[in-house]
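>>> Kindly return the folded structure for what I paste below:
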Amino acid sequence: MDINGKLKELGLEIPAASPGKLAPAVRTGNLVYTSGATSRVTGKVGDNVTVEEGYEAARQAILGCLGSVQWLVGDLSKVTRVVKILGMVNCAEGFSNTPAVIHGATDTLVAIFGQEVGWHARSAIGVYQLPGDAAVEIEIIVEVKD
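Residues are numbered from 1 along each chain as shown. Down below sits the predicted model:
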């Protein structure tokens, strides 16, 4: 699978990850677990952030996760399966449509990797606050080949 070609076709760019106090991602066996990646979109969905803006925030966050995977394994074509997403949405009181927001990450992964590799298990939860007041934070687990 030509992931770089697919990214270019979709007009998407994977941001570079860099280690800090925490590793952007760690590997055990053939599984890679990423640290949380936040969106550049800030604020609370259901208040000053619309569902559509939240969807875009989820796209940004999942691209950050893929940057962490790429940092660790060197090449996203090594991804053989997206296993699980944990999507956290910074919600206004009473907002409950978190799945519609995290669909931005799901749709992006399926567009990049195709249904067979990109389709995954997922949780989409609402939270009171995220780092930097990000609208969305996402973690992923992927399976990779050597």
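>>> From one end of stretch 23-40 to the other, what's the distance?
In stretch 23-40, first residue to last residue: 20 Å (C-alpha to C-alpha, to the nearest Å).
>>> Quick one: distance of it to the chain centre.
10 Å (C-alpha atoms, centre = their mean, to the nearest Å).
>>> cool, stretch 93-105 as well?
Its chain's C-alpha centre and that of stretch 93-105 lie 14 Å apart, by C-alpha atoms, centre = their mean.
>>> next one: stretch 118-135
Taking mean C-alpha positions (C-alpha atoms, centre = their mean), stretch 118-135 and its chain are 9 Å apart.
>>> Doesn't Glu116 belong to a helix?
Yes: the assignment for Glu116 is a helix, going by DSSP: H, G, I helix; E, B strand; the rest coil.
>>> Identify the residues contacting the residue nearest to Asn97 when sequence neighbours are not counted.
The shortest distance from Asn97 to any residue other than its chain neighbours is 6.2 Å, reached at Val51 (C-beta to C-beta, 6 or more residues apart in numbering). Any C-beta I mention is one placed from the backbone N, CA and C, and that applies to glycine too. Each residue near Val51 by C-beta atoms under 8 Å, 6 or more residues apart in numbering is listed here: Val45, Asn97, Ala100, Val101.
>>> which residues are contacting the helix or strand hosting the third one?
Following DSSP states H and E, one finds Ala100 within helix 98-118. Outside helix 98-118, the residues within contact range by C-beta under 8 Å, 6+ apart are 1, 3, 6-7, 10, 12, 45, 51, 54-59, 61-63, 66, 76, 79-82, 85, 87, 89, 91, 119-120, 122, 124-126, 135-136, 138.
>>> For the residue nearest to Asn97, give its distance to Gly104.
10 Å (C-beta to C-beta, to the nearest Å).
>>> Which other helices and strands does the least confident helix or strand in the chain by mean pLDDT contact?
In the chain, no helix or strand scores lower on mean pLDDT, DSSP states H and E than helix 3-10, which sits at a mean of 93. With contacts taken as 3 or more C-beta pairs under 8 Å, 6 or more residues apart in numbering; DSSP states H and E, helix 3-10 sits against helix 98-118.
>>> Alright, calling it a day.
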